[in-house]
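K.L.:
Next come a sequence and a model predicted from it.
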Amino acid sequence: MEVVIFRDEEQVAERAADLLVRMLSVKPRAVFGLATGSTPIVLYRQLIERNRKGEVSFSGVTSFNLDEYLGIAPGDPQSYRSFMDREFFDHVDIDKARTHLPSCEPGDNPQLVGPRYEAMIRKAGGIDLQILGIGQNGHIGFNEPSSSLVSRTRVKTLTPRTMQDNSRLFDPGEIQPRLAITMGIGTIMDARSILLLATGERKAGAVAAMVEGAVSAMCPASILQMHERVTVLIDEPAASKLKNREYYERAARENRALKERFGEFYADG
Ligand code: GLP
């Protein structure tokens, strides 16, 4: 796990955008796993800007989002489909027919959505780069604490903590879904590389548990310790509870030097 600490969220997003753009220069038809939440919005803005300037094209990209609420229609402004259209897809040259979310259409059996989504990911050749945020309780996607560490895409019940954390995004009177369909932890772990972004002091506890805690279903993100190619990009406040911070900073410097000398894909796992 490579942990890289930046001054602020803009710098985190900038590095993440660099990595995505670089991947597209090598593989223009890359398959991305995408995330919602407030954290990746800054990244999406930077990618939109680079696309507008002609520095990158998403025309060959296929994408699979991590999760979607159950019980609200994809056209509802609170759906993650609407979020992705609003914050990213509507502003870049991506082919929307190749952007996917594990949405449950009215009349769909939610139990079948997961296996269908998994089959689509396999058919696309698997995910090259998965973008992740992290919940304050350590969740990735909507894999809440106690989720099976080998789970696949399925329905999850949201914890009271997650409901509380996300309530800021709902107006009074709006119905806040209590269920979601999320890629499983096993699905996420199948991605060939993973980029986790975390910013702000409220993420410091989850980041410390993920990087320095024991691997445990009670902190689902801690499973990333078992993945070969994970880069964690965080800002100063999100890094504030890490014990071995100086080591990560030194390792990031060494890795940068090695990459400059031997090429892009050297990484300190
Ligand atoms: C949400 C999403 C996650 C996201 C996390 C953090 O509920 N399901 O994919 O990473 O919670 O969100 P934010 O970036 O808004 O803090």
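P.N.:
Nice, thanks for sending it over.

K.L.:
Flag every residue of the stretch 101-250 of the chain that's near the ligand.
P.N.:
Residues of the stretch 101-250 of the chain lying near the ligand by CB under 6 Å from any ligand atom: 133, 134, 135, 141, 142, 162, 166. For every residue, glycine as well, the C-beta is placed using N, CA and C.

K.L.:
got the contact list for the residue of the stretch 51-200 of the chain found nearest the ligand?
P.N.:
Nearest residue of the stretch 51-200 of the chain to the ligand (CB to the nearest ligand atom) works out as residue 133 at 2.5 Å. Contact partners of residue 133, counting by CB atoms under 8 Å, 6 or more residues apart in numbering, are 35, 36, 37, 39, 40, 140, 196, 197, 198.

K.L.:
cool, residue 231 as well?
P.N.:
Contacts for residue 231 (CB under 8 Å, 6+ apart) come out as 1, 2, 4, 19, 193, 194, 195, 196, 267.

K.L.:
switch to 10 Å and redo it
P.N.:
1-4, 15-16, 19, 129, 193-197, 252, 255, 267-268 (CB atoms under 10 Å, 6 or more residues apart in numbering).

K.L.:
How about residue 59?
P.N.:
24, 28, 29, 51, 92, 93, 94, 95, 98.

K.L.:
now do residue 208
P.N.:
138, 219, 238, 239, 240, 241, 242, 243, 244.

K.L.:
next one: residue 211
P.N.:
Residue 211 neighbours (CB under 10 Å, 6+ apart): 1, 3, 196, 198, 221-222, 224-225, 230, 232, 234, 239, 241-245, 248.

K.L.:
List the buried residues of the helix or strand containing it.
P.N.:
If you go by DSSP states H and E, residue 211 is part of helix 204-212. Of all the residues in helix 204-212, those buried under the rule 16 or more other CB atoms under 10 Å are 204, 205, 206, 207, 208, 209, 210, 211.

K.L.:
For the stretch 151-269 of the chain, which segments are assigned as helices?
P.N.:
160-166, 185-189, 204-212, 245-262 (DSSP state H, counting those that start in this stretch).

K.L.:
circling back to that earlier point, any of the contacts of residue 59 buried? List them.
P.N.:
Here, 16+ other CB under 10 Å leaves 24, 51, 92, 94, 98 buried among these.

K.L.:
Who does the nearest residue to residue 220 once chain neighbours are set aside form a beta bridge with?
P.N.:
Nearest non-adjacent residue to residue 220, counting by CB to CB, 6 or more residues apart in numbering: residue 143, 4.5 Å away. With DSSP bridges applied, residue 143 shows beta-bridge pairing to residue 140.

K.L.:
Quick one: residues contacting residue 143.
P.N.:
Here residue 143 is in contact with 66-67, 135, 149, 151, 154, 156, 180, 182-188, 217, 220-221, 223 (CB under 10 Å, 6+ apart).

K.L.:
go again using 8 Å as the cut-off
P.N.:
151, 156, 182, 183, 184, 185, 188, 220.

K.L.:
Distance check, residue 251 against residue 244.
P.N.:
Between residue 251 and residue 244 the distance is 9 Å, computed by CB to CB, to the nearest Å.

K.L.:
out of those two, which sits in the busier spot?
P.N.:
residue 251 (16 against 13; other CB atoms under 10 Å).

K.L.:
That one and residue 1 touch, don't they?
P.N.:
No. Contact criterion CB atoms under 8 Å: residue 251 and residue 1 do not qualify, at 9.9 Å.

K.L.:
In three-state terms, how would residue 22 be classified?
P.N.:
When classified by DSSP: H, G, I helix; E, B strand; the rest coil, residue 22 comes out as helix.

K.L.:
Tell me the confidence at it?
P.N.:
Looking at residue 22, its pLDDT stands at 93.

K.L.:
Done for today, thanks.
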